[in-house]
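Visitor: sequence and predicted structure below; questions after.
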Amino acid sequence: MKEILNINYDSRYVDICNLDMYLPDVEKPCPVFIYFHGGGLESGSKELSNELKSITNNNIAIVSVEYHKYPNAKYPDFILDAAKAIEFIFKYNEEKQVFSDYFIGGSSAGAYIAMMLYFNPSYLKSYGIDLSKITGWFFNSGQPTVHFNVLKEKGLDPRLVRIDEAAPIYYIDKDIDLKKHAELMFVLAEEDVPGRLEETHLLINAMCRFNYDMSKVTLRVVPGCKHCGYKIQEIVVEFIQKAIFNKKYPNLIII
């Protein structure tokens, strides 16, 4: 594994907007998983566990992104950072030609950020990113409604359930054709944050009603676990490998 650490992706914020690349020991282009960490938008860091780094053993690169957090951020700073980081990775790959497929995701707050990017494509479109080049999205216990710390920023009780422009589900009917090509995986714990599973079911049901391609959507509930209390590396690898297979053989029927 090759490590390239603390790469700045936005020169305006050299102390915050950095990312780490972990590349497998392969010479040909490989898939890349662009990962946003959790921590409630107020803690956590881009430093990866050894378990997540082990994804590279499967010839998959992983890029871990740091972003602005509370109290030194306001909505939507962290989402704008994420979009800028993805633009940087796309441009990096145009020069280096090291990545074959792009996968984007995160855990908890990082999954909320990734969901905002997926359901509201305007963030990535503003950087000229072709969404059809993103093969898959991985949402590990993200909040489909307004994130609890965004509610707190607005002076509201963070226990409230709100759907407005800061909620991924708010954009369920926007730019659907841009989103239909990608594979999606939602992962949650059986004993997740109160309401998180129900909100995710609401989101998926809404996607169905708005004619998303539900054959590309997977929900996995990890039994006997609390919020993010499980290892995701094997789930991520399985998801990426399956998505690439489906992309390569889109009309294959397995019996």
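Guide: Looks like it came in fine.

Visitor: quick one: stretch 167-184 to chain centroid distance?
Guide: Relative to the mean C-alpha coordinate of its chain, stretch 167-184 is positioned 13 Å out (Cα atoms, centre = their mean, to the nearest Å).

Visitor: for the spatially most central residue of the chain, give me its contacts.
Guide: Residue closest to the mean C-alpha point of the chain, counted by Cα atoms, centre = their mean, is residue 105 at 1.8 Å. Residue 105 makes contacts with 33, 34, 35, 36, 111, 114, 137, 138, 139, 140, 185, 236, as judged by Cβ atoms under 8 Å, 6 or more residues apart in numbering. Backbone N, C-alpha and C define where each C-beta goes, glycine included.

Visitor: could you rerun that using 7 Å?
Guide: Applying Cβ atoms under 7 Å, 6 or more residues apart in numbering, we find residue 105 in contact with 33, 35, 111, 114, 137, 138, 139, 140.

Visitor: so which of those belong to helices?
Guide: When DSSP state H is applied, the contacts of residue 105 are split such that 111, 114 fall in helices.

Visitor: residue 96: neighbour count?
Guide: When neighbours are counted by other Cβ atoms under 10 Å, residue 96 registers 10.

Visitor: of the contacts of residue 105, closest to residue 81?
Guide: Of all the contacts of residue 105, residue 81 sits closest to residue 114, with 12.3 Å by Cβ to Cβ.

Visitor: the closest one reaches residue 36, doesn't it?
Guide: Yes. Contact criterion Cβ atoms under 7 Å: residue 114 and residue 36 qualify, at 5.8 Å.

Visitor: quick one: common contacting residues for those two?
Guide: Listed as contacting both residue 114 and residue 36 by Cβ under 7 Å, 6+ apart are residue 106.

Visitor: pretty sure residue 54 belongs to a strand, no?
Guide: No. Checked against DSSP: H, G, I helix; E, B strand; the rest coil, residue 54 lies outside a strand; its state is helix.

Visitor: mind listing the strands for the chain?
Guide: Taking DSSP state E as the criterion, the chain carries its strands at 2-8, 18-23, 30-36, 61-65, 99-107, 134-140, 183-191, 217-226.

Visitor: just send these back as a markdown table, with distance to residue 92 and mean pLDDT too.
Guide: Formatted as a markdown table, the strands of the chain follow (distance: least, Cβ to Cβ, whole Å; pLDDT from 0 to 100):
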| stretch | distance to residue 92 | mean pLDDT |
| --- | --- | --- |
| strand 2-8 | 8 | 97 |
| strand 18-23 | 9 | 98 |
| strand 30-36 | 10 | 98 |
| strand 61-65 | 9 | 98 |
| strand 99-107 | 8 | 98 |
| strand 134-140 | 15 | 98 |
| strand 183-191 | 23 | 98 |
| strand 217-226 | 29 | 97 |
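
Visitor: redo the ones you listed as a markdown table? Include distance to residue 156.
Guide: Formatted as a markdown table, those follow (distance: least, Cβ to Cβ, whole Å):
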| stretch | distance to residue 156 |
| --- | --- |
| strand 2-8 | 34 |
| strand 18-23 | 32 |
| strand 30-36 | 24 |
| strand 61-65 | 28 |
| strand 99-107 | 24 |
| strand 134-140 | 24 |
| strand 183-191 | 24 |
| strand 217-226 | 25 |
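
Visitor: neighbour count: residue 114 and residue 36, which is higher?
Guide: Taking other Cβ under 10 Å, residue 114 and residue 36 do not tie; residue 36 has more neighbours (31 against 26).

Visitor: can you pull the contacts of that one?
Guide: Residue 36 sits next to 65, 67, 82, 106, 110, 113, 114 when contact means Cβ under 7 Å, 6+ apart.

Visitor: residues near the fourth one, how many?
Guide: The one in question is residue 106. Residues near residue 106, counting by other Cβ under 10 Å: 28.

Visitor: who's in contact with the closest residue to residue 126 other than its chain neighbours?
Guide: In space, residue 126 comes closest to residue 83 once its chain neighbours are excluded; the distance is 7.0 Å by Cβ to Cβ, 6 or more residues apart in numbering. By Cβ under 7 Å, 6+ apart, the contact list for residue 83 reads 117, 123, 124, 127.
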